[in-house]
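Visitor: using only what follows, build the 3D model:
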Amino acid sequence: MNKDRLDELAESGESETLEFKRSTGQRREAMRTLCAMLNNRGGRVVIGVEPGGRVVGQVVGRDSLEDLTNELKQIEPPAFPSIDRVPIGKGLEVLVVTVTQGQGRPYTYKGKPYKRVGNTSLEMSRDEYNCMLFERLHGEKRWENQTLDDFRLQDLDRAEMTRTVTEAIRRGRAEDPGTRDPETLLRGLGLLRARRILRAAAVLFGKSERLEAELPQCLLRVARFRGTDKTEFIDNRQFHGNAFELLVRAERFMREHLPVAGRVVPNLFERVDDPLYPPVALREALANAICHRDYSIGGGSIAIGIYDDRLEITSSGTLHFGLTVDALFEPHESLPWNPLIARVFFRCGVIESWGRGTLKMAELTQKAGLPRPQIEGSSPISGVE
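Guide: Got it, this is the predicted structure:
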């Protein structure tokens, strides 16, 4: 960090990732902000710059640095920011304290967690803290990467495994293992641990009769309603099965019940019937429901509801990792709640690209002259409408 770069920061003004403090006398406020930044996307606290952006500096002695270091020790788990000392003349310096997004989130300062909202730092609620803690633990120990002691290779659909791996090889997304032995295929997909089957393998390839008994949440509920509410059914069914089987059944049900849009092509003197909803957009919505749902909810399911005026696809779970509904329709990092399941879907082509599912749905529906899909993700049931 040099004086020119410091001046650029001061001119840019405070933001979600940048805050100014006049001196180390405000070090406690600075620590709250650093804690919030660790829990967010990282950022810088610049000490020696007034909130309006005027660079004032201060004399930085041993005591100033010790006071700052002692406050940093109050952040838990321990954080190790970089501290740059930038001379600005006349014996004055500016301290630039930089942190990246913390790997040990959630962080606390003096026992309290903080979050960044715009250019301010606020204390987190208990629910927000617990949610962030759960997401951190999820990366290490989550539902899909635990073993199923009662499941054996014969409980999995060998033909489906072979089709999946063969397609992944054809697309250049997997190496050919030279065999179609089920254990070898599962190991190559990362679905075995110490020769024991992971739950993700059961979700992807389990036989329906075993899943109905052992994992009843591997369930698809489909319904065609008369009118615009749930008062009267025209058709109502339920299916237990693995992810690929449920995907096929869902697409078949929608083909049976969704209307087609007719159009007359000039000079052909005949009508061409197109699906009302783009099939690729529907597959993206279904794939998202399978990959992002919370399988730890034993009574959960994926549901499709077709009404006279809309289609709803819902699954058990909420949005995680700080994602918001608005962010889903902007370029964003792919953060599947079930990365093992999502990776298999990607390899065999059910998912074509990472982090573009919702963007693709919006593009395809708008191209078809339909409104952008509406997503609700704040309740225990997330849905695409």
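
Visitor: low pLDDT regions in this structure?
Guide: Applying pLDDT under 70 to the chain flags the ranges 137-139, 261-273, 319-323, 325, 327, 329, 332-334, 353-355, 377-385.

Visitor: any idea how far the residue nearest the centre of it lies from Glu352?
Guide: In the chain, the C-alpha closest to the average C-alpha coordinate belongs to Leu335, at a distance of 3.3 Å (Cα atoms, centre = their mean). When distances are taken as Cβ to Cβ, to the nearest Å, Leu335 and Glu352 turn out to be 17 Å apart. C-betas here are computed from N, CA, C, even on glycine.

Visitor: over to Pro78?
Guide: As for Pro78, its distance to Glu352 is 41 Å (criterion: Cβ to Cβ).

Visitor: looking at these two, which one has more neighbours?
Guide: Counting neighbours by other Cβ atoms under 10 Å for Pro78 and for Glu352 shows that Glu352 has the greater number, 15 against 9.

Visitor: for the more buried one, helix, strand, or coil?
Guide: Following DSSP: H, G, I helix; E, B strand; the rest coil, Glu352 is assigned to coil.

Visitor: can you give me the helices in the protein?
Guide: In order along the chain, the chain carries the following helices (DSSP state H): 3-12, 27-38, 62-72, 126-140, 158-170, 182-188, 199-205, 208-214, 243-257, 279-292, 325-328, 339-347, 357-367.

Visitor: between the ones you listed, which one is closest to Lys112.
Guide: helix 27-38 (8.1 Å; Cβ to Cβ).

Visitor: now the closest one: buried residues?
Guide: Applying a neighbour-count criterion of 16 or more other Cβ atoms under 10 Å, the buried positions in helix 27-38 are Arg27, Ala30, Met31, Arg32, Thr33, Leu34, Cys35, Ala36, Met37, Leu38.

Visitor: cool, and stretch 235-250?
Guide: Within stretch 235-250, the residues that qualify as buried are Phe239, His240, Gly241, Asn242, Ala243, Phe244, Glu245, Leu246, Leu247, Arg249, Ala250, counting by 16+ other Cβ under 10 Å.

Visitor: how far does that stretch stretch from start to finish?
Guide: Taking Cα to Cα, to the nearest Å as the measure, stretch 235-250 stretches 13 Å from start to finish.

Visitor: which residues sit against that stretch?
Guide: Residues external to stretch 235-250 that are found in contact with it (Cβ atoms under 8 Å, 6 or more residues apart in numbering): 157, 160, 164, 202-208, 211-212, 216, 218-224, 253, 257, 283, 286-287, 290, 302, 304, 341, 345, 350.

Visitor: out of those residues, which are buried?
Guide: Using 16+ other Cβ under 10 Å, the buried ones in the contacts of stretch 235-250 are 157, 160, 164, 202-207, 211, 218-220, 222-224, 253, 257, 283, 286-287, 290, 302, 304, 341, 345, 350.

Visitor: residues near Thr100, how many?
Guide: For Thr100, the number of neighbouring residues by other Cβ under 10 Å comes to 13.

Visitor: if you could redo that for Phe151, that was the one I meant.
Guide: Neighbours of Phe151 under the rule other Cβ under 10 Å: 21.

Visitor: that one reaches Leu211, doesn't it?
Guide: No - under the contact definition of Cβ atoms under 8 Å, Phe151 does not touch Leu211, with a separation of 9.7 Å.

Visitor: and the protein, what are its domains?
Guide: With automatic domain parsing serving as the domain definition, the record reports that the chain contains domains spanning 3-140, 146-385.

Visitor: now the last one, how far from the centre of its chain.
Guide: Centroid separation for domain 146-385 versus its chain: 15 Å, with Cα atoms, centre = their mean, to the nearest Å.

Visitor: report the contact partners of the closest residue to Met254 other than its chain neighbours.
Guide: Closest residue in space to Met254, ignoring its immediate chain neighbours: Leu282 at 6.1 Å, by Cβ to Cβ, 6 or more residues apart in numbering. Listed by Cβ under 8 Å, 6+ apart, the contact partners of Leu282 are Glu251, Met254, Leu311.

Visitor: also Asp157?
Guide: Each residue near Asp157 by Cβ under 8 Å, 6+ apart is listed here: Phe205, Gly206, Lys207, Asn242.

Visitor: how about Tyr114?
Guide: Under the criterion of Cβ under 8 Å, 6+ apart, the neighbours of Tyr114 are Arg32, Thr33, Cys35, Ala36, Asn39, Tyr107, Thr108, Ser121, Leu122, Glu123, Met124.
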